[in-house]
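Undergrad: Whatever this is, show me its structure:
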Amino acid sequence: MRTTDLEATMPDEAARHDLRQALSSAIGPDQAATLMEQLPPIPWDQLATKDDVRVLADRMDTRFELFEHKIVSEFRRQIIEQNRLLFFSMMGAIFTTASLAFAAARF
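TA: Okay, here's the model as predicted:
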């Protein structure tokens, strides 16, 4: 029974060692070393392709754009809130000053 590429896993270290020994006797130690260096140290189904990296980069870009939009929206909200507070504080100060000036002019 053959396994598909997604089901295939890399052998453990003992199996890798046995494979290197068999290759060394079949094709020579230098060629066996070259061939064994080409095997990834992790299972095939855990390797990331360029498409996987591209999809991840796109997802991160989208997430950063949403985060940036959220930060800008929060910053705007705080500026508007601060301006509103400053406006009403200044209006209160102006009316208080005007009232005191009017009262002082009346006496």
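Undergrad: For stretch 14-29, give the mean pLDDT please.
TA: Across stretch 14-29, the average pLDDT comes to 87.
Undergrad: for the chain, which residue is closest to the average position?
TA: residue 60 (4.7 Å; C-alpha atoms, centre = their mean).
Undergrad: Can you classify residue 48 by secondary structure?
TA: coil (DSSP: H, G, I helix; E, B strand; the rest coil).
Undergrad: next one: phi and psi at it?
TA: Main-chain dihedrals, residue 48, degrees, to the nearest 10: phi -90, psi 130.
Undergrad: ok, now how distant is it from residue 82?
TA: Between residue 48 and residue 82 the computed distance is 46 Å (C-beta to C-beta, to the nearest Å). All C-beta spots, glycine's among them, are computed from the backbone N, C-alpha and C.
Undergrad: Which strand or helix spans residue 21?
TA: Element membership of residue 21, judged by DSSP states H and E, is helix 13-27.
Undergrad: Since that was my last question, I'll sign off now.
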